[in-house]
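Enquirer: Let's see this in three dimensions:
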Amino acid sequence: MARDRRSERVDMRRWESGGSSRADDWLAVEEPLEIVIEHDGSALPLLTTMRTPGNDAELAVGLLYSERIVRTRDDVLSVDHSVDPRLPRDNRANRIVVGLHPACSPPDMVLRRSFLSTAACGVCGRTVVADLTAELRALPRDQTVSADVLSSVGDRLREEQSTFDRTGGIHATGLFDLSGDLILRREDIGRHNATDAVIGASLLAGHTPLDRHVVLVTGRVGYEIVQKCWVAGVTLLAAIGAPSSLAVDMALEADMTLVGFLRDGRFNGYSAPERITG
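Expert: I've put the predicted structure just below:
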């Protein structure tokens, strides 16, 4: 069985044209990642999320940022896979440890909880939606993007989805500038993981807030994606698929431009369409 970090080849049987034959297929890898916080001399297991390996450090930092556990790049002293010799070697690759600055004061309610997040859940452990956005303010409106640029970014991201080409079963998030140039992209079996990784990479590079960018996600967009982008200062969020009702409600509250069904040269604008010109 062949495997890289992101995809795995499996044996299967294919039925077509009235017959069947043996074949192989490539599947997106899904494995657990335990995220541990080191703070003030204590190691605090926070959550286990299901993800596709490859961007674990960025994913962990992005998730902590969207959860408001870290507020700036300086809050993160270190981020690396576990080197605990007591763990089996394979388990070390599935455990990421984020060292926080002593001056960082994560909310007690966050540090007291530990939870499992599936590949479909971006904010597991929170029970009240309002708690996610209580400290956030409406986004600025001084950036615009042309309709032609928005229409083009879907094809540009699709060109870079190498793991999707192999497996057909993985999501992507792309970060574009306002001219439509792709800055970075991340792929993961979970939409929210790919978004966390893009945000985490941007935070670690000192490029947040992302108010001068377009974020594009494949598939649908739920409120958890809007919340993460709101924290990161994203003013223009687009999705290949449909938004949920709560995603639109949150985008309206944030004064974020939310676009859905972006494909084949068309898209729908659900909030703050004034940022789209042309």
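Enquirer: What's the local residue count around residue 214?
Expert: The criterion is other Cβ atoms under 10 Å. On that basis, residue 214 has 27 neighbouring residues. For glycine as for every other residue, the C-beta is placed from the backbone atoms N, C-alpha and C.
Enquirer: Run through the bridge partners of residue 34.
Expert: For residue 34, the beta-bridge partners under DSSP bridges are residue 48, residue 95.
Enquirer: Helix or strand: which one has residue 270?
Expert: In this assignment (DSSP states H and E), residue 270 forms part of strand 266-271.
Enquirer: Run through who's touching the strand or helix carrying residue 158.
Expert: Of the helices and strands defined by DSSP H and E, residue 158 is found in helix 147-159. When contacts are defined by Cβ atoms under 8 Å, 6 or more residues apart in numbering, helix 147-159 is touched by residues 164, 172, 174, 176, 178-180, 182, 185, 214, 216, 218, 236, 238, 240, 259, 262-263, 265-267, 276-278.
Enquirer: Now the element after that helix, going C-ward?
Expert: Later in the chain than helix 147-159, the nearest helix or strand by DSSP H and E is helix 162-167.
Enquirer: mean confidence for that following helix?
Expert: Along helix 162-167, the predicted confidence averages to a pLDDT of 89.
Enquirer: What residues sit buried inside it?
Expert: For helix 162-167, a neighbour-count test (16 or more other Cβ atoms under 10 Å) marks 163, 164, 166, 167 as buried.
Enquirer: correct me, but the second one touches residue 186?
Expert: The one in question is residue 164. No. The criterion here is Cβ atoms under 8 Å, and residue 164 misses it with residue 186 at 12.0 Å.
Enquirer: Overlap in contacts, those two.
Expert: Common neighbours of residue 164 and residue 186, counting by Cβ under 8 Å, 6+ apart, are residue 172.
Enquirer: before we move on, the earlier item: and the buried residues of helix 162-167, which is closest to residue 249?
Expert: Taking Cβ to Cβ as the measure, residue 249 sits nearest to residue 164 out of the buried residues of helix 162-167, at 29.9 Å.
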